[in-house]
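Student: from the sequence below, what's the structure:
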Amino acid sequence: MSASLSVEIGSLRLANPILVASGTFGYAREMAGMVDVGRLGGIVPKTITQAPRAGNAPWRTVETTAGLLNSIGLDNDGIDAFIEHHLPYLGQLASPAIVSIAGRTSEEFTQMAARLSQYDEVGAIELNISCPNVSGGVDFGICPETCRDLIASVRAQCTKPLLAKLTPNVARIADVAAAAEEGGADGISAINTLLGMAVDWRRQKPLLGNVMGGLSGPAIKPVALRCVYQIAQRVKIPVIGIGGIGTIDDVMEFLVAGATAVQIGTANFNDPTVSMRLLDQMPAALAELGAASIQEIIGSLQPKSQPAPNVLGSPVA
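Tutor: A predicted model of the protein is given here:
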């Protein structure tokens with residue numbers, strides 16, 4: 001008998017915990033020739049905004065030793081174009097679409113979420129309150145009270161499951177996650193990119209057109225694992241782990257640390273078929289732990305001793 005891979009995020013049931021992260025998989029149509037998109041647990045398309053955005057000036061990406069700096073700036077055609085051109089395609093796929101949205105104000109977030117709630121093709125909504133590449137992009141994700149108020153505002157107008165995508169660029173991410181839960185979020189996506197930069201010292205200029213951008217890839221995995229663990233210890237809602245995931249070992253580490261599901265991001269650029277490989281390998285990984293389902297291993301990490309205070313002086317949990 002094969003192991004059960006299904007998980008639940010609020011009322012959203014996923015066939016498996018392997019999702020693809022916003023900004024790394026286009027709108028799924030672009031990847032359909034290489035990936036059996038219907039096998040994915042869920043698809044998070046590129047973040048959309050109320051009005052079209054041209055994005056940031058080049059350079060927009062810079063490779064680093066163990067990752068990628070990006071400063072795309074939420075380049076997209078806006079919610080109208082998304083609903084007209086992309087949502088119908090996403091709606092016909094077997095994998096649910098978790099639509100990522102970003103707003104400049106609480107009103108924009110609320111209006112977009114309320115509008116998307118009207119469409120059966122939308123499985124859930126991920127609130128991108130953590131993008132470091134646009135002005136004000138992280139404002140709603142750095143203060144617990146502001147985060148709670150935003151989620152509550154959206155929750156009042158939105159019938160779909162809500163995920164809050166959080167930034168690691170804060171002192172206590174678990175406090176922000178707890179506030180999102182209090183506001184009515186059904187799940188937490190963690191983490192978005194870490195703020196970084198790259199410099200051409202010979203020309204004495206920054207490489208990214210926006211000077212700073214978001215660091216993703218293997219370099220941020222330890223930070224992401226720490227954040228997922230801290231959040232999972234604090235909240236009762238599911239956590240979706242993101243950050244440097246590219247192997248089955250990475251996936252399993254996030255699950256035992258407390259993640260209910262994971263999103264594959266930068267690894268899609270190196271190998272667009274990575275998600276399929278991970279799905280193929282998951283049953284054997286579960287069998288190695290003697291687990292009959294994903295549920296048995298979520299949050300099963302056994303600390304060697306009581307968690308030590310972190311560098312900021314607050315308990316790990």
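Student: tell me the helices and strands packed up against the one helix or strand residue 249 maps to.
Tutor: Residue 249 is part of helix 248-257, with elements assigned from DSSP states H and E. For helix 248-257, the packing partners by 3 or more Cβ pairs under 8 Å, 6 or more residues apart in numbering; DSSP states H and E come out as helix 221-234, strand 239-242, strand 261-264, helix 274-288. Placement of C-beta: from N, CA and C, glycine included.
Student: who does the second one pair up with?
Tutor: Meaning strand 239-242. strand 187-190 (parallel), strand 261-264 (parallel) (DSSP bridges).
Student: deepest in the core, which of the ones you listed is it.
Tutor: Of all the strands paired with strand 239-242, strand 187-190 has the most neighbours on average by mean count of other Cβ atoms under 10 Å, namely a mean of 31.
Student: who's in contact with that one?
Tutor: 9-10, 126, 161-166, 168, 173, 177, 180-181, 224, 227-228, 231, 235, 237-243, 260, 263 (Cβ atoms under 8 Å, 6 or more residues apart in numbering).
Student: run the chain-centre distance for that strand.
Tutor: 7 Å (Cα atoms, centre = their mean, to the nearest Å).
Student: show me the contact partners of the following helix or strand past it.
Tutor: The helix or strand immediately downstream of strand 187-190 is strand 194-197, counting by DSSP H and E. Applying Cβ under 8 Å, 6+ apart, the external contacts of strand 194-197 come out as 64, 69, 132, 168-169, 206-208, 211-215, 220, 223.
Student: any weak-confidence spans in the stretch 1-150 of the chain?
Tutor: 1, 133-138 (pLDDT under 70).
Student: just the strands in the stretch 1-150 of the chain please.
Tutor: Ranges of strands in the stretch 1-150 of the chain, per DSSP state E, counting those that start in this stretch, are 7-9, 12-14, 18-20, 42-43, 48-49, 61-64, 67-70, 97-102, 122-128.
Student: now for the first one, which elements pack on it?
Tutor: Contacts defined by 3+ Cβ pairs under 8 Å, 6+ apart place strand 7-9 against strand 12-14.
Student: for the strand it packs on, list every residue counted as buried.
Tutor: Residues of strand 12-14 classed as buried: 12, 14 (neighbour count, 16 or more other Cβ atoms under 10 Å).
Student: can you list the strands that that strand pairs with?
Tutor: Assessed with DSSP bridges, strand 12-14 is paired to strand 7-9 (antiparallel).
Student: ok, residues contacting the partner strand?
Tutor: By Cβ under 8 Å, 6+ apart, the surrounding residues in contact with strand 7-9 are 13-14, 16-17, 41, 124, 161, 163, 186-187, 238, 240, 260-261, 294-295, 298.
Student: centre-most residue in the chain?
Tutor: residue 189 (4.6 Å; Cα atoms, centre = their mean).
Student: tell me what the nearest residue to it once chain neighbours are set aside is bridged to.
Tutor: Computed as Cβ to Cβ, 6 or more residues apart in numbering, the closest residue to residue 189 that is not its neighbour in sequence is residue 165, at 4.0 Å. Beta-bridge partners for residue 165, by DSSP bridges, are residue 128, residue 189.
Student: confidence score at residue 165?
Tutor: For residue 165, the pLDDT comes out at 97.
Student: hang on, isn't it packed against residue 185?
Tutor: No. Using Cβ atoms under 8 Å, residue 165 makes no contact with residue 185, being 10.1 Å away.
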